[in-house]
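Trainee: Sequence and predicted structure, then a few things I'm wondering about:
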Amino acid sequence: MQTNNELFIMKYHLSVLLFLLVIGKLSAQGSIVDSIKSLIDKSKADTIKVRYLQELAEIYRVSPDMKNLDSAVHYGNKSLTLAKNLKDQRGVVGALLVLGRSSRYETDPIKAIEYFQQSLALAEKIKDTLGVIRGLRGNALLQYYKGDFKHELLYYQKAEYLARKINNAVELRSILGVIGKTYLILGQPDSAEHYLQQALNMKLNDEDPFSLSHMGRLKLYRQEYKNALQYFNRALAIYQAKNDKFRIAQCYYDIANQYEEQNKLDSALKNYLLAFEAGSQGTDSLYTIEGVSEYIAMVYEKLNNLPQALRYFKISYAAKARLKTKENLSKLLNLEFDEKERKREAAATKMEYRSKVRLYITLGALAIISITSFSLYRNNRIKKKTNVVLKKQKDAIENAFSELKQTQAQLVQSEKMASLGELTAGIAHEIQNPLNFVNNFSEVNQELLVEMKNEIDKGNIDEVKAIVNDIIDNEEKINHHGKRADAIVKGMLQHSRNSSGQKEPTDINALADEYLRLAYHGLRAKDKSFNATLKTYYEETIGNIHIIPQDIGRVILNLITNAFYAVNEKANLVRDSGNENLPAGQAGYKPTVTVSTKRIGNKVEIKVSDNGNGIPSKVVDKIFQPFFTTKPTGKGTGLGLSMSYDIIAKGHGGELQVETTEGEGATFIISLIV
């Protein structure tokens, strides 16, 4: 393998030769060929020599003055043999592409097909993306030759994807142009315009004349004659600057064609004659003469100039007769056009780039340093301005985020206090029971103490002992119910204050049962007519699990409150409807809310089910979104389920899911990893 230094030397030699050719120091194409041959003779049998041979083969293939396909094939084969001996697979890909492009001009295209297919297969195998792109383009051109434009398009689309992937602007622009051309052939002008416009929007070193001329043909197809003429003239100016007679002739032909469509026969004739003149001087002149002369004859005929019409019909007939012996070459000529266009654009880009490099070297180190310094200074100023803007944006985003977090915290606390307010009646009911026990047993003890005093006065020691035992039993009950009241108060305080965020061992069964009773009594206090069947199925073997009890309690409370709301709404609907109007299956409806716990592997499931109306299928996906609620305005904030989801998913790494059947009820399932 060659070193980086050797590669630099090779590229330098080729760039110097191309630069000298551009500025006129080499008087003829033969000079650059002789120079490359000299480099080949001096090179070792290495990968650099493989590239030199391929460059020489390409020059023989594309040179308009000395097109010699035998020489192109000869040097292409030498490059292929050397690359195979060196096991230079990229070199093999390049040699096969050169041979494929050279073989397209032979009467038998089989060799071209073999070369292009082999190059594509090998490039894909060694992941040579640029080789794959060019192999795809070669195969696309063969499809064009066969007239299979749909398959041609598929090859180009694959090449477009890869050119974008490696960000090769030169390949991409050329590919976009030929894709646009192919869509135009297929009669899909909108798609053609899309791709041609993309190619024209890519400003490299100059405009793409190929895409300009085909955009002109698209405008002509749509009978936008003024726009078509503008595009043709822009393409013509570029080809005239390059002195490309063959494509100058094509531009004049296109311009003449648009004039003829408008029945401007004098202008059409003028441009057909210019096309004939340029085509006669360019490469493949026989084909240009044969095509253009027939159109010239037809225009002369329309103008009633029969002598001139006869003259050009004779020229056309003679050219067709000479082309009889080159029928296969005629089929391949359009293939040559697209390939030469791509090569010309790539070569022009490369030559212009190398000319600039040469110019920068000539200007010297001082100019380079000045330009670099100015660039750095400008970039530094832009960077500073950008940083100022970014800092302002960053500060604004941070302030907005901070305000959002504060607002969120306030909303959470408001929602929490709202749920606490709804539980006030339930709390009062729950705390009243143990307080009643405390009061009752205190009164009993007071009576027993009076009785004990009397028995002491009587000296009845056995009776005194019995009374003391009763008092001790009552004190234990007072203590028990006092602690129960204390636990209820502490639980409510926990619910009302901000969570500590610390997980602690918690009896999930007791937690769920406590909030079930509180929620039920709270709703009963607000609506004395409400009744519901409460069902609980607690798995006793679960034991304590590590959770944040305040947070999980809020979730359970919210789900149970929603369940009671659902069954109450359905009960009211059933009651208001009357038995004669009840939907099927709702007669004798009994509101039921079920709470269950179950351990499954390393998870604990808490289910809250109801037999209410369920959740409509069209809104199931939205119920966990903030501020979304199915309750009437003023009866729900839409934050309960959203906060519950965040507590379970983010705070505990669990899942909150819903299973529902519209008209039959819903089940919310909390899954916690323990």
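Mentor: Arrived safely, thanks for sending. Residues are numbered from 1 along each chain as shown.
Trainee: And the strands in the chain, which stretches?
Mentor: Under the criterion DSSP state E, the chain carries strands at the ranges 504-507, 533-538, 544-547, 592-600, 603-610, 655-661, 665-673.
Trainee: Now do the third one: which elements does it pack against?
Mentor: Under the contact criterion of 3 or more Cβ pairs under 8 Å, 6 or more residues apart in numbering; DSSP states H and E, strand 544-547 touches strand 504-507, helix 508-526. Bear in mind the C-beta positions are built from the backbone N, C-alpha and C, glycine included.
Trainee: just the CA coordinates of the shortest one, formatted as PDB?
Mentor: In this case it means strand 504-507. Backbone C-alpha positions of strand 504-507 (Å, rounded to 0.1, in the frame of the first residue of the first chain) are rendered in PDB as follows:
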ATOM      1  CA  GLU A 504     -40.100   3.400  53.900                       C
ATOM      2  CA  PRO A 505     -41.500   0.000  54.700                       C
ATOM      3  CA  THR A 506     -45.300   0.300  54.400                       C
ATOM      4  CA  ASP A 507     -48.200  -2.100  54.800                       C
END
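Trainee: any idea which helix or strand of the protein has the worst average confidence?
Mentor: For the chain, scoring each helix and strand by mean pLDDT, DSSP states H and E identifies helix 4-23 as the least confident one, at a mean of 44.
Trainee: Now do the helices in the stretch 151-300 of the chain.
Mentor: Defined through DSSP state H, counting those that start in this stretch, the helices belonging to the stretch 151-300 of the chain, from first to last, are 169-185, 189-201, 209-221, 225-242, 245-261, 265-281, 285-302.
Trainee: which strands and helices sit next to the first one?
Mentor: Based on contacts counted as 3+ Cβ pairs under 8 Å, 6+ apart, the elements that helix 169-185 packs against are helix 129-146, helix 149-165, helix 189-201, helix 209-221, helix 327-363.
Trainee: can we see that at 6 Å?
Mentor: Here helix 169-185 touches helix 149-165, helix 189-201, helix 209-221, helix 327-363, going by 3 or more Cβ pairs under 6 Å, 6 or more residues apart in numbering; DSSP states H and E.
Trainee: what stretches of the stretch 51-200 of the chain score poorly on pLDDT?
Mentor: 62-68, 104-110 (pLDDT under 70).
Trainee: rewinding a little: of all the helices and strands packed on strand 544-547, which one comes closest to K453?
Mentor: Closest to K453 of the helices and strands packed on strand 544-547 is helix 508-526 (Cβ to Cβ; 41.1 Å).
Trainee: so how far is G138 from T129?
Mentor: Counting by Cβ to Cβ, to the nearest Å, the separation of T129 from G138 is 15 Å.
Trainee: If you could redo that for I166, that was the one I meant.
Mentor: 18 Å.
Trainee: Show me which of the two is the more surrounded one.
Mentor: Each of I166 and G138 has its neighbours counted (other Cβ atoms under 10 Å); G138 has more, 25 against 12.
Trainee: isn't the more buried one right up against S102?
Mentor: No. Between G138 and S102 no contact is recorded; they are 11.2 Å apart, counting by Cβ atoms under 6 Å.
Trainee: okay, now the domains of this structure?
Mentor: According to automatic domain parsing, the chain comprises the domains 8-121, 508-578+588-674.
Trainee: The ones you listed into a markdown table, with extra columns for mean neighbour count and distance to S293?
Mentor: As requested, the domains of the chain are exported to a markdown table (neighbours: other Cβ atoms under 10 Å; distance: least, Cβ to Cβ, whole Å):
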| stretch | mean neighbour count | distance to S293 |
| --- | --- | --- |
| domain 8-121 | 18 | 21 |
| domain 508-578+588-674 | 17 | 71 |
